[in-house]
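A.B. asks: Predicted model and sequence follow; I will ask about them next.
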Amino acid sequence: MTLNRRQVLGLLAAGACVPAGFASAAQSGPTLKEVAGKKGLRVGNAMGNGRTTFGDPAYRALTARECNVIVCENATKWQSLHPQPGVFDFKQADAIFAWARKEGLKRRGHTLVWQEDRWFPRWVVEHDFGAQPGREAERLLTEHITTVTRHFGDDIYSWDVMSEAVDSPTGELRESVLTRRLGGALAQIDMSFRLARANAPHAQLVYNDYMGPERGAVKHRASVLKLLETLKAKGTPVDALGLQSHVGPWSDLEAKAGRSPFLEWRKFLDEVTAMGYQLIISEFDISDRALPGDVAARDAGVAARAKDYLDVTLSYRQVTDFIMWGMADHVSFLRNQKTTMREHGMPTRTAPFDDDLRPKPLRDAMLAAFRAMPPRA
């Protein structure tokens, strides 16, 4: 009988006996978490509840082998946890975290607030805020953050409290159904972090956003810096900046005349860390949209882009966590996004493992970057 890597991992996860040669092939070599751990970096993966993610024993086994942190891709977002007024549903998140505890994986929370009306449940957007809309908005925000953080308690060591509060094209803070009743976005962001600190005093509190190194993100980076400076001055309890790190396609990040394409990115990270913030790579993947169709050439291009980005970003000792937003190509959200899908229906190859959970050059690039980075502070 011929077994591929994915089938072997599935059998291992189920506790079945497999031929010794197949088992050793599935488990041989240093893992991502082992190599990164030698430098003090945690490695994690975002996992959904679908058949191809948490429901797939082979994928669970791969995650447990390579990672020591788990994040729920969607199960701890407001839409999933709080689908109706006064109704909370923790079943999906509890199932993932129970498995993670059994496997010895630490748990991160994502995200208490995702800052746009389209990311709130419909009932929140259509809610009747009554004669005192400010008080009602504060009640809703307090109820949600308090209930969620108290439910998980000490089980979650780090929370994305707020995600994507900056509008990338304009650099303005995004408004929502809650900000418009709480005196603006800044007041709502500050309130969210203070509620999280009061109810999860042990946890690292993170502001999470997708600003990147490309020239098109100049306004986005500047506005995130301004937001972090303002929150620092207000005493808002923000501990870290989450660098989403959805890498590429970056046509404007080619080295020219010996000038590093990451010069502005280094300046940005220098300013963030100078304010005393920690950093996490919170949602890592690599777009292959602009790369050649040939699989070998494309995989090599993805690996090279990742190595360039990680060598710069991981040179900062303040980066404590590296979280992949899906470890295998077939579970990556990039495969279904119009802005990242390839032409002619060609499937994307954006993760360190392929559809059959076989390692790709991207995984080798990640290991090389982990080995080259300085130890964490």
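C.D. replies: Cool, got the structure.

A.B. asks: what pLDDT, on average, does the host helix or strand of residue 94 get?
C.D. replies: If you go by DSSP states H and E, residue 94 is part of helix 91-103. For helix 91-103, mean pLDDT is 98.

A.B. asks: Now that helix: buried residues?
C.D. replies: Within helix 91-103, the residues that count as buried by 16 or more other Cβ atoms under 10 Å are 92-93, 96-97, 99-100. Just so you know, the C-beta spots here come from the backbone N, C-alpha and C atoms, and that holds for glycine as well.

A.B. asks: Also stretch 214-232?
C.D. replies: Neighbour-count burial for stretch 214-232 [16+ other Cβ under 10 Å]: 214, 217, 219-221, 223-225, 227-228, 231.

A.B. asks: Just these: which are in helices?
C.D. replies: 219-221, 223-225, 227-228, 231 (DSSP state H).

A.B. asks: Check those against residue 51 and report the nearest one.
C.D. replies: Proximity of these to residue 51 (Cβ to Cβ) peaks at residue 220, which lies at 35.3 Å.

A.B. asks: Distance check, the nearest residue to residue 229 once chain neighbours are set aside against residue 127.
C.D. replies: Excluding its sequence neighbours, the residue lying closest to residue 229 (Cβ to Cβ, 6 or more residues apart in numbering) is residue 275, at 6.7 Å. For residue 275, the distance to residue 127 (Cβ to Cβ, to the nearest Å) stands at 36 Å.

A.B. asks: which one of the two has more residues nearby?
C.D. replies: Comparing residue 275 with residue 127 by other Cβ atoms under 10 Å, the one with more neighbours is residue 127, at 18 against 14.

A.B. asks: Helix or strand: which one has the more buried one?
C.D. replies: Using DSSP H and E, residue 127 falls outside every helix and strand.

A.B. asks: Mind jotting down where the strands sit in this protein?
C.D. replies: Here the chain has its strands, by DSSP state E, at 42-47, 69-72, 106-114, 156-163, 204-209, 240-243, 246-247, 278-286, 319-324.

A.B. asks: Now mean pLDDT too, for those strands, in JSON lines please.
C.D. replies: Formatted as JSON lines, these follow (pLDDT from 0 to 100):
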{"stretch": "strand 42-47", "mean pLDDT": "98"}
{"stretch": "strand 69-72", "mean pLDDT": "98"}
{"stretch": "strand 106-114", "mean pLDDT": "98"}
{"stretch": "strand 156-163", "mean pLDDT": "98"}
{"stretch": "strand 204-209", "mean pLDDT": "98"}
{"stretch": "strand 240-243", "mean pLDDT": "98"}
{"stretch": "strand 246-247", "mean pLDDT": "92"}
{"stretch": "strand 278-286", "mean pLDDT": "97"}
{"stretch": "strand 319-324", "mean pLDDT": "98"}
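
A.B. asks: just so I know, which of the ones you listed lies nearest residue 63?
C.D. replies: Comparing the strands of the chain under Cβ to Cβ, the one sitting nearest is strand 42-47, at 4.9 Å.

A.B. asks: Grab the most central residue of this structure for me.
C.D. replies: Centroid check for the chain by Cα atoms, centre = their mean gives residue 283 as the closest residue, at 2.6 Å.

A.B. asks: ok, now which ones touch it?
C.D. replies: 46, 208, 210, 242, 244-246, 323, 325 (Cβ atoms under 8 Å, 6 or more residues apart in numbering).

A.B. asks: from the residues you listed, which is closest to residue 294?
C.D. replies: residue 246 (23.3 Å).

A.B. asks: How much space separates that closest one from residue 157?
C.D. replies: For residue 246, the distance to residue 157 - Cβ to Cβ - is 24 Å.

A.B. asks: Among the two, which residue is more densely surrounded?
C.D. replies: residue 246 (19 against 16).

A.B. asks: show me where the protein has helices.
C.D. replies: Counting by DSSP H, the helices of the chain are 5-13, 20-27, 32-37, 57-66, 78-81, 91-103, 122-125, 133-152, 185-199, 218-234, 263-274, 295-313, 361-372.
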